[in-house]
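Visitor: Generate a structure from the sequence data that follows.
(2 chains)
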Amino acid sequence: MANLDAAFAALADPTRRAILSRLTEGEATVMELVKPFALTQPAISQHLKVLEKAGLIARRAEGTKRPCRLAKEGIREIDSWLGMLRKALAKNYDRLDEILAEMESKKGWRKR
Amino acid sequence: MSKMTLKTEGERYIVVTRKFAASPQAVYRAHTDPELIRRWMLGPEGWTMPVCINEAKPGGKIRFEWTDGKGNGFYLTGEYVALEPYSRIVHVERMHLPDPTPDNHVETRFAAEGSGTLMTLRMTLPDEKTRAAMLATGMEHGMEASYVRLEGWIAETAKNASA
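Guide: Purely as a prediction, here's the structure:
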């Protein structure tokens, strides 16, 4: 789980989340990523470096281009922890729904 | 009932939102009355909370002990920092796994929304060691490997961030 802190830090930036969001549609080169964002190529490259270091994206060499894609392992790591938290909380709040419904019906009874 | 949302805020926080079909008074009470807390704050199916001490006043103590009935268990201690009925609770908590985890600062807000309540929970993002300890407690038992689908999650948070 060594990458998780870096992954969360990487995810804290809205541009980097938007880049990841674009990569869910498939592989993209730096130039393809520059287009939808009002940023320079060096700025995008900097964001990609952070994402790569965090284990969230992987890059391969294709001539002079280095296309980026989502890195499944890094994503699985962060997913499993967030997934655990989400499931525990969701279960808790489903139970809380039932208790609240019970409280409401008791309140109706007693005409408080 | 709209679904729960869970996202990171900056590098340090996790923010969870959830709507409830009850008044802020009722939701607040369910968060502060130990007899109610022990019935829902249980995590995965099969866990119970035999000990629930919850002194809902500034400086008041919190102690929750959980067990899965199969010899696995852990506990949490904490203190209340501020309580504003029926809108806001601030407390500090730490899990004992059995070593205490770094303090988690938690702010819980309740706001009336329509005939219900919107709850917003902001908690400190635990460090790597804490997360590993949490995963090792058996808290994940009973949770089948169903992932969040980070792709969807990123799209959601990216959308929220730009909204």
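
Visitor: how far away is A:Glu98 from A:Asn92?
Guide: Relative to A:Asn92, A:Glu98 is positioned 11 Å away (Cβ to Cβ, to the nearest Å). For glycine as for every other residue, the C-beta is placed from the backbone atoms N, C-alpha and C.

Visitor: more crowded one of these two?
Guide: Residue environment comparison for A:Glu98 versus A:Asn92 gives the larger neighbour count to A:Asn92, 17 against 11, counting by other Cβ atoms under 10 Å in any protein chain shown.

Visitor: Point me to the helix or strand that includes that one.
Guide: If you go by DSSP states H and E, A:Asn92 is part of helix A:72-110.

Visitor: Tell me the confidence at B:Gly78?
Guide: Predicted confidence (pLDDT) at B:Gly78: the value is 97.

Visitor: Could you do B:Gly138 as well?
Guide: Value listed for B:Gly138 in the pLDDT field: 48.

Visitor: ok, now B:Leu83?
Guide: pLDDT, B:Leu83: 97.

Visitor: To what extent is A:Arg60 buried, counted in neighbours?
Guide: 10.

Visitor: Run through the neighbouring helices and strands of the helix holding A:Asn92.
Guide: When contacts are defined as 3 or more Cβ pairs under 8 Å, 6 or more residues apart in numbering or on different chains; DSSP states H and E, helix A:72-110 sits against helix A:4-11, strand B:5-9, strand B:13-20, helix B:24-32, helix B:34-40, helix B:128-136, helix B:150-162.

Visitor: which strands and helices sit next to the third one?
Guide: This means strand B:13-20. Counting contacts by 3+ Cβ pairs under 8 Å, 6+ apart, strand B:13-20 packs against helix A:72-110, strand B:5-9, strand B:116-124.

Visitor: got the CA positions of it in CSV?
Guide: What follows is the C-alpha trace of strand B:13-20 in CSV, where atoms were taken according to Å, rounded to 0.1, in the frame of the first residue of the first chain:
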residue,chain,number,x,y,z
TYR,B,13,-9.7,14.8,4.4
ILE,B,14,-12.4,12.4,3.3
VAL,B,15,-15.9,13.9,3.0
VAL,B,16,-18.9,11.7,3.2
THR,B,17,-22.5,12.9,2.5
ARG,B,18,-25.7,11.0,3.1
LYS,B,19,-29.4,12.0,3.2
PHE,B,20,-31.8,10.7,5.8
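
Visitor: Between helix B:24-32 and that strand, find me the angle.
Guide: Interaxial angle, strand B:13-20 versus helix B:24-32 (axes from the mean of the first three to the mean of the last three Cα atoms, to 10 degrees): 130 degrees.

Visitor: Quick check: which element contains A:Pro42?
Guide: With DSSP H and E as the criterion, the answer for A:Pro42 is helix A:41-53.

Visitor: can you pull the buried residues of that helix?
Guide: By neighbour count with 16 or more other Cβ atoms under 10 Å in any protein chain shown, helix A:41-53 contains the buried residues A:44, A:47-48, A:50-52.

Visitor: Show the average pLDDT along it.
Guide: 94.

Visitor: and the angle for that helix with helix A:72-110?
Guide: Using the same axes, to 10 degrees: helix A:41-53 against helix A:72-110 is 80 degrees.
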